[in-house]
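# predicted structure and sequence below. I'll ask about it afterward.
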Amino acid sequence: MYIPKAFEVNDKTKLVNFIRDNSFGILFSQEESGPLATHLPFLMDAKTGENGVLIGHMAKQNPHWNKLNGKEVLVVFPGPHAYISASWYNEPNTVPTWNYVAVHVYGTVRIIEKNEEIVERMEKMVSFLCPLLGMLNLMMSSSIV
């Protein structure tokens, strides 16, 4: 993605927060038959690894998943965007543009096959995506209710 220097963000905390706030991403991979893309919710685990780890879940019925293990992929997290009219500049010889925010994440997929790991990650995702449900589960497990 082309990023003009004036708009480049390298602050890891800002990038992690953006991914958490815009967690529905698009996972892209290149296959022999051409590019594939799947829209998925992701959980950003910023504490694992040097740059963090994305956790996602894809339905087994989706043929994309079985081509991904060990493959380098791109995940795009789009944010707000808007058309900017040249008439807004009040200067001659200007052109319209499109302002947008997006984060691109590159990494290697690791398919998790152990049931315990799958359950652990799914519980983390549900707690992130459904905070109230996560709080109820916590209360139930600690006998607060």
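Yep, it's here.

# list the contacts for Tyr2?
Residues near Tyr2 by Cβ atoms under 8 Å, 6 or more residues apart in numbering: none. Where C-beta positions appear, they are placed from N, C-alpha and C, glycine not excepted.

# got the phi/psi numbers for it?
As for Tyr2, its main-chain torsions (degrees, to the nearest 10) stand at phi -70, psi 130.

# now name the helix or strand holding the residue most central in space within the chain.
The chain has Gly25 as the residue nearest its centroid, 4.2 Å off, counting by Cα atoms, centre = their mean. In this structure, Gly25 sits in strand 24-31 according to DSSP states H and E.

# buried set for whichever helix or strand comes after that strand?
Where DSSP H and E defines the elements, the next helix or strand beyond strand 24-31 is strand 34-45. By 16 or more other Cβ atoms under 10 Å, the buried positions in strand 34-45 come out as Leu36, Thr38, Leu40, Phe42, Leu43, Met44.
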